[in-house]
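[1] Curious how this folds, go ahead:
(2 chains)
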Amino acid sequence: MGISGTIGRKNLSSLNIQFNPLGEIFAETTGIFKIKIENGKKFLPSFLIKAVINGNETIFPVIDRKGEEGKIAEVVFPKRGKTTKLSALLKSPFPFGFFYLEKAIEINSNLIVYPKPIKTELTPLTSPEKESRKNGTETTGSEEFKKIRNYKPGDEQKKIHWKIFAKKDKFYTKEFIRKEGEEPIIIELNKFSGTIEQKLSKATYAITKLWKNRAVGFKSGEILIKPDKTKKTKRKILELLATYPEEKDENSTDI
Amino acid sequence: MKTVPIYKALFISSLLSAIVGSITVLPFINPILSGFFLITVIVSIIEEKEKRYIENRTILNIVSVFGALFFLSTLSMSNLIRPITETLIFLLSVKLVERKTERDFYQIFTLSLFLFTASSIFLLNVKFLFLFLAETVITITGLILLTFLSENREITLSKTDLFKIFQFGLSFVTISIPITVLFFLILPRTQAPLFNLMPKSSTGITGFSNSVNLGTVKNIQETNAIFMRVRTKKLRENPYFRSITFEKFKNNRWTHIKTPPSKIKLKGKRIYQTVILEPYRDKYLPLLNVPLQISGIKAKKENNFFVSPKRITKRVKYSGISVITNNFEETLNEKDKEIYLSIPPLPKIENFIRKRFGNISKEKLPKEILLFLRKNFKYSLSALPGSLKEFFLKNPRGNCEYFASAATIIFRTKKIPARLVAGFYSAEFNPYGNYYIVRGKNAHIWVEYYMNGKWHHFEPTFGIPQQKERKNRTEENTTKKETSFKEKIPLIFDTLNYYFINAIINYDFNTQIKTLSNLGKPFREKKLPSFPHLKKIVSTDTSVYVVSTIFIFTIMIIFVKSRKTPVEEFYEAMKKQGYTKKHNEPLETFVKRIKNPELRTLGNEFATIYQRNFYKDKTICCKTAEKLREIISKIKKGGQGG
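    Below you'll find the predicted structure:
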């Protein structure tokens, strides 16, 4: 009994855990993570380790000495927000299942849990530049190549056709046309109904839905993020929603 | 990588545990039950392959209950072990064919361990040690796999992972055994077993009782089982071991008659011996012929041999002194002589003897008897005559008791007192352990006749197979000096057996006290034992315990002592970085001397934490110790570790 107790304790020692999301993580929604456990012990493998994070249990049958094992786990986070320290519980009934030994461990993480998406009508959204959309010379967002024309002063540098310039030593400007139904959209938080949390959830839904085929921007109070189709912008907006201050009273709706 | 489902690995280990646990007992129980067990092993394998099981647990439970009742019905205080073993085997067989849940696996392992414990009664030798190791490693591996299964039945393991679990099982046993040995050495124990569990005829070891029918000694001689091991120096002649004497002959049966004690004079070289006698369920304690003294066991002397007050039902160890001689003085009165001269009415034999030996003088008689027997009789263990009369007159073939009986009757007819001596002859000497291996086949009966106030040793039997075998071997040895490898192996194994028995089986309360006493002796005398003293200790049986206990304690002390304190480690790490502590220099002063700013910072940090605990008179442990060692580790890296 004494030996099995000592071995059980040793089994849980020198273990380091890493916890990384595979994709975006939304509150109250199952997120996919990779849990990696490193065994720093010189001589002993670790057996039957259960990593418990946010109620999810992942079993690591054998982790070799000075080795590591990775497992995919489904974890649900109840609240949106940014987490820098995550608590995990390592426990094991090893060797004979007479008792469980546990060890709490802190994981350094930079995890951002986005608000839980709530399905909503996408009509309250506004478009920033209706005029430019009409003349078909939109310069941002999702576009299709239309033609090459002579350079006019004031044309954006990024639209200059540098390959032709290299050949002919003359500036030409590339002209684009926006695809039908893929106009850039600015999502305004106040256009959604409900509490702040509901608004954030609906905005999250809208962003994830609309970003698939158009440039998405965001507006809340004085904050404005221009529409863009890059992942960076999408992440920026979602992070903003994730870290949006919690509702204090009924009137404080803006940043 | 190919993986094995946890259930499959567990099933295999449980099956192995069941087989190893029961393999020793199978030959000793009802053969039908042994066969049934083997069939259930095969059925369980087929079931697992086909994934089809006997599902009805109620029926299986009813069968188990009735089966257990049936086998336990023969249970009694004198017959405990066999019914219990049979019940266990039956229950295990039923368990094997069931659909197995975690609980069933636990039951299989438990039953297997119970059976294995029972098997220690059937197999008490070094083979048991090997099987013990196998069974414990298998069971521990199995129990670990069971823990895995309890957590998740879906777990699959690679062969490498399974091997690691097996390795762990092996390491666990390796760690546990020294601790078990320590407990074995120090825990209190009783001097007698709680129950006498030895089955009556399970071991097949038999010896002489207080009577012997003509033709029955061959039953002992036909067994190759070891009867006893006698540790002594190798004797020039094949030694005789004396068990009992037979005085009365009636209806072809020799019986021992206790005679009043008389004065015996034994002259000759004294031989010291230690005997390990197997349980043979009688009470005679053999010693080299002629026994003089016995010690280490309760015994009383009776007609030149020793008798235990109780039957030998467990393996016993005793020491003795014997005098190797062919004759010894004893004063017999007329009443005693009458006993040694008594003959039942055997008119035809007496007539035959008178005709054949009528004119022979008493002095020449022994030689004449030998001539007569050699000329007319043949040694045999088969088709033995039904009576002495038949041996003399019709069927002149027989084994030692026929020859000895014939010689004794001739002596007695010629009015020379004589008796039969039963014991062993021509045992094999094991040079690796310096002891004689006495087997059932060495059982022998010879004669002693009384003349001129002395008993004389007389060997009437010739052509004994062991004699021939021994003679041939001696001849071979003169031409080919080295024993062949094939002959060496059993001797080496038996030596291991001998030491195992000597060390484990006979380790009783007395030995414990002796061991502790031996351990304390040098300290009490305040001086180390001198070399002859040491030699004596080493030569005793307790030495192995003394050495192993000292070894374990030394390892423990070295382990504890070799652990450096954090401050020692700190100074050592700093020394490696070029900063050596001066004699009696305080920690803070030492740290101030450090020029390297990073190392100084670490030094200060260390000193603060250390002194905070030191001055508070706190034991440095756990997190503080961890922190200090972390700082030391950084110092070792030259201050760049963090």
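[2] A helix includes A:A166, no?
    Yes - A:A166: assigned to a helix according to DSSP: H, G, I helix; E, B strand; the rest coil.
[3] Relative to A:R149, how far out is it?
    18 Å (C-beta to C-beta, to the nearest Å). Just so you know, the C-beta spots here come from the backbone N, C-alpha and C atoms, and that holds for glycine as well.
[4] Neighbour count for these two, which is higher?
    A:R149 (12 against 8; other C-beta atoms under 10 Å in any protein chain shown).
[5] Report pLDDT for the more buried one.
    At A:R149, the pLDDT value in this model is 87.
[6] what's the burial count for B:L266?
    18.
[7] can I assume it is in contact with B:F328?
    Yes - with contact defined as C-beta atoms under 8 Å, B:L266 and B:F328 form a contacting pair (5.1 Å).
[8] list residues touching both of these two?
    Contact criterion C-beta atoms under 8 Å, 6 or more residues apart in numbering or on different chains; residues shared by B:L266 and B:F328: B:V290.
[9] Name the nearest residue to the closest residue to chain A within the stretch 151-300 of chain B, ignoring sequence neighbours.
    Taking C-beta to the nearest C-beta, chain A has its nearest neighbour within the stretch 151-300 of chain B at B:D161, 4.2 Å off. Spatial nearest neighbour of B:D161, chain neighbours left out: A:V62 (4.2 Å); criterion: C-beta to C-beta, 6 or more residues apart in numbering or on different chains.
[10] Can you pull the residues of chain A lying near chain B?
    The interface of chain A toward chain B, taken as C-beta under 8 Å from any C-beta of the partner chain, is made up of A:3, A:7, A:45, A:47-48, A:50, A:59, A:61-62, A:64, A:93-97.
[11] ok, so of those, who is nearest A:F176?
    Set against A:F176, the nearest of those by C-beta to C-beta is A:I59 (53.1 Å).
[12] ok so, going back, pretty sure the residue of the stretch 151-300 of chain B closest to chain A sits against A:G67.
    No - using C-beta under 8 Å, B:D161 is not in contact with A:G67; the gap is 11.2 Å.
[13] Neighbour count for those two, which is higher?
    B:D161 (22 against 14).
[14] Wait, a helix at that one?
    Yes - if the criterion is three-state DSSP, then B:D161 is within a helix.
[15] any idea how far it lies from B:Y379?
    B:D161 is 65 Å from B:Y379, by C-beta to C-beta.
[16] quick one on the thing from earlier: just the ones of the residues of chain A next to chain B in helices?
    For these, membership in helices holds for A:I3, A:I7, with DSSP state H as the criterion.
[17] Can you say which of the residues of chain A next to chain B are buried?
    Neighbour counting with 16 or more other C-beta atoms under 10 Å in any protein chain shown marks A:7, A:45, A:47-48, A:50, A:59, A:61-62, A:93-97 as buried within the residues of chain A next to chain B.
[18] hmm, back to that, look up the residues forming beta bridges with the residue nearest to B:D161.
    A:F47 (DSSP bridges).
[19] Tell me who's in contact with it.
    A:V62 is in contact with A:P45, A:S46, A:F47, A:E69, B:L157, B:D161, B:K164, B:I165, counting by C-beta under 8 Å, 6+ apart.
[20] Please confirm that A:R214 is located within a strand.
    No - with three-state DSSP as the criterion, A:R214 is coil rather than part of a strand.
[21] Distance check, it against B:L26.
    80 Å.
[22] and what of A:A88?
    51 Å.
[23] Residue 164: what's its closest spatial neighbour, skipping adjacent residues?
    Unless you meant another one, I'm taking chain A. A:Y172 (5.0 Å).
[24] Not quite, go with chain B.
    B:K164's closest residue in space is A:P45 (C-beta to C-beta, 6+ apart), at 5.2 Å.
[25] Confirm for me that that neighbour is in contact with A:E69.
    No - A:P45 lies out of contact with A:E69 (C-beta under 8 Å); the separation is 10.1 Å.
[26] what is in contact with these two at once?
    In contact with both A:P45 and A:E69: A:V62, A:I63, using C-beta under 8 Å, 6+ apart.
[27] ok so, going back, so what does the residue nearest to A:I164 look like in phi/psi?
    phi -130, psi 150 (degrees, to the nearest 10).
[28] Bridging across strands, which residues link to it?
    Beta bridges link A:Y172 to A:N150, judged by DSSP bridges.
[29] Quickly note the distance from it to A:E156.
    Taking C-beta to C-beta, one finds A:Y172 at 13 Å from A:E156.
[30] between those two, who's got more neighbours?
    The neighbour comparison of A:Y172 against A:E156 (other C-beta under 10 Å) goes to A:Y172, with 19 against 10.
[31] Just to check, that one is in contact with A:N150?
    Yes - the pair A:Y172 and A:N150 passes the contact test of C-beta under 8 Å, sitting 6.5 Å apart.
[32] Please, which helix or strand holds B:S64?
    Assigned by DSSP states H and E, B:S64 falls within helix B:57-72.
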